[in-house]
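Asker: Compute the structure for the input listed below.
(3 chains)
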Amino acid sequence: MLKWPTLQHLSQASLEEVNEMWAGLGYYRRARFLLEGAKMIVAEGSEFPNTVFALRKVPGIGDYTAGAIASIAFKQVVPVVDGNVVRVLARLKAIFANPKDKTTVKNFWKLAAQLVDPSRPGDFNQSLMELGATLCTPLNPNCTSCPVLSQCRALHNSRNDESVMVMDYPMKVVKTKQRNDFSTVSVVEISRSQDRLQQTKSNSRVLLVKRPDEGLLAGLWEFPCVTLDEEADLSMRRKLIDQLLKKSFKLNPPKNCNVISRELVGEFVHVFSHIRRKIYVELLVLHLKGGKHVLFEEDDINATDWKLLDCEAVSRMGLTSSVRKVYSMVQKFKQDGTSNNSVPLRKRPKCS
DNA sequence: AACTCGGGGAC
DNA sequence: GTCCCAGAGTT
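Answerer: Here you go, the predicted model:
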């Protein structure tokens, strides 16, 4: 809101800028949709869409968001159904249903539509969600504090039948477990000095590369890395990183650069919604030999898929959670030389 | 209908 | 660790 106070402002931003602001929040497609949506609404020229029908046309706005905006912002008498609402209604009406089933959810929309308060639809919808988030929780619901306990069929059933519990509604679904993969990240420091003692902040740059525009973490910046489906030993991991650096950046020691140091910094596990990723982190300090190199040639400084930054610039950048974790591990490693994974992740400074 | 997308809070 | 999801879009 501070950076782009209006849709007009936002619509003028680049995806790069929006990604930067969104970094760390996850579900990065939402950042792209937000920008596309802003552009679309501004291009239409008319007023902000204020009905579910119109909102639904905006990229990134689905049934839930359309209902939420229409009811909360525009007082339209429409329902919202999210995970909380499904749970609350399933218990209120003692519906033992699969919350992931499309038809089931449709029925919950119908039910919610019948219940929504015409005089205060936004407040009603928010209260239903809030009830699910605070009292009618998935585990150990606080029924004794519930404002609608007298109307709750699940609670009623649980009092008449010892084998029934409020918690059992709605049906528990077995979720597919994450796949495992293995990533090796190389924080590559390009030093302009051969002398280890002269490697100060001012003459050292870190290499960042941009991910592809589609797929996981699309278009976001990270340190050079290779990802495998299987675990690989240290020599294999280094070999693959070497190949990447040679292929993408013509870094080919000892021909055009020297390896000043190469150390294992540590490892940690990063969990996505559908991937459990073990990440190995190394710090690779290189010195470029004399003569021209792609990393310092005028033409390539303007490259869009990589950049060299000093420490401060890296710290200021909007980076994904795991990339921040990697960098904080490296910083700590350089500070006291310990190789461990106990670095607490420093949260991204809030935009106050 | 199943899959693809992150990250963090509560416990 | 395990549970949850203020979900949308694509395949």
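
Asker: Would you confirm that A:W306 contacts A:L207?
Answerer: Yes: A:W306 is within contact range of A:L207, at 6.6 Å (criterion: Cβ atoms under 8 Å). (Glycine included, C-beta is placed from N, CA and C.)

Asker: Can you tell me the element the closest residue to A:A232 other than its chain neighbours falls in?
Answerer: Once flanking residues are discounted, A:A232 sits nearest to A:F182: 6.7 Å by Cβ to Cβ, 6 or more residues apart in numbering. Here A:F182 sits within strand A:179-191, counting by DSSP states H and E.

Asker: Repeat that for A:T137.
Answerer: Applying DSSP H and E, one finds A:T137 in no helix or strand.

Asker: returning to that earlier point: the strand holding A:F182 vs DNA strand C: in contact?
Answerer: No: Strand A:179-191 stays clear of DNA strand C (Cβ under 7 Å from any atom of the strand), getting no nearer than 12.6 Å.

Asker: same check, this time on stretch A:12-30
Answerer: Yes: applying Cβ under 7 Å from any atom of the strand, one finds stretch A:12-30 in contact with DNA strand C at A:Y27, A:R29.

Asker: I'd like the next helix or strand past the strand holding A:F182.
Answerer: strand A:204-210.

Asker: Give me the distance from that next one to the chain's centre.
Answerer: 21 Å (Cα atoms, centre = their mean, to the nearest Å).

Asker: again, but for stretch A:303-316
Answerer: In terms of Cα atoms, centre = their mean, the gap separating the centre of stretch A:303-316 from the centre of its chain is 20 Å.

Asker: just to revisit the earlier point, tell me how far the residue nearest to A:A232 lies from DNA strand C.
Answerer: 16 Å (Cβ to the nearest atom of the strand, to the nearest Å).

Asker: Follow the chain on from the worst-scoring helix or strand of chain A on mean pLDDT and name the next helix or strand.
Answerer: Least confident helix or strand, chain A: helix A:298-301 with a mean of 73, by mean pLDDT, DSSP states H and E. For helix A:298-301, the following helix or strand on the C-terminal side (DSSP H and E) is strand A:306-309.

Asker: hmm, who's touching that following strand?
Answerer: A:I190, A:R205, A:V206, A:L207, A:L208, A:V209, A:K210, A:W221, A:S248, A:F249, A:L295, A:M317 (Cβ atoms under 8 Å, 6 or more residues apart in numbering).

Asker: okay, the residues you listed in TSV with distance to DNA strand B and pLDDT next?
Answerer: Shown next, in TSV, are the contacts of strand A:306-309 (distance: Cβ to the nearest atom of the strand, whole Å; pLDDT from 0 to 100):
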residue	distance to DNA strand B	pLDDT
A:I190	26	92
A:R205	24	92
A:V206	19	94
A:L207	20	95
A:L208	15	95
A:V209	16	94
A:K210	14	92
A:W221	11	93
A:S248	21	93
A:F249	24	92
A:L295	27	82
A:M317	13	87
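
Asker: In ChimeraX, how would I select just the buried ones from these?
Answerer: Here is the ChimeraX selection string for the buried members of the contacts of strand A:306-309, based on 16 or more other Cβ atoms under 10 Å:
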select /A:190,205,206,207,208,209,210,221,249,295,317
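
Asker: export the contacts of strand A:306-309 to CSV and tack on distance to A:F48?
Answerer: Shown next, in CSV, are those (distance: Cβ to Cβ, whole Å):
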residue, distance to A:F48
A:I190, 47
A:R205, 44
A:V206, 42
A:L207, 42
A:L208, 37
A:V209, 38
A:K210, 33
A:W221, 32
A:S248, 44
A:F249, 46
A:L295, 46
A:M317, 32
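
Asker: sorry, back to before: is it correct that the residue nearest to A:A232 is in contact with A:C225?
Answerer: No: using Cβ under 8 Å, A:F182 is not in contact with A:C225; the gap is 10.5 Å.

Asker: So for the two, which sits in the more crowded spot?
Answerer: A:C225 (21 against 18; other Cβ atoms under 10 Å).

Asker: Is the more buried one in contact with A:V188, as I believe?
Answerer: No: between A:C225 and A:V188 there is no contact under Cβ under 8 Å: 10.6 Å.

Asker: Give me the three-state assignment for the closest residue to A:Q178 other than its chain neighbours.
Answerer: Spatial nearest neighbour of A:Q178, chain neighbours left out: A:R276 (4.4 Å); criterion: Cβ to Cβ, 6+ apart. Recorded secondary structure, A:R276: strand (DSSP: H, G, I helix; E, B strand; the rest coil).

Asker: ok, A:R276 - contacts?
Answerer: A:Q178, A:R179, A:N180, A:D181, A:V269.

Asker: quick one: pLDDT of A:L15?
Answerer: Looking at A:L15, its pLDDT is 91.

Asker: Hmm, A:S183 is touching A:T227, no?
Answerer: Yes: counting by Cβ under 8 Å, A:S183 touches A:T227, with 4.5 Å between them.

Asker: Now the common contact residues for these two.
Answerer: In contact with both A:S183 and A:T227: A:R277, using Cβ under 8 Å, 6+ apart.

Asker: And those two? Which one has more around it.
Answerer: A:S183 (20 against 14).

Asker: Return the residues in contact with the more buried one.
Answerer: Contacts for A:S183 (Cβ under 8 Å, 6+ apart) come out as A:C225, A:V226, A:T227, A:L228, A:R277, A:K278, A:I279, A:Y280.

Asker: Now which of those would you call buried?
Answerer: Of these, these count as buried by 16+ other Cβ under 10 Å: A:C225, A:V226, A:R277, A:I279, A:Y280.
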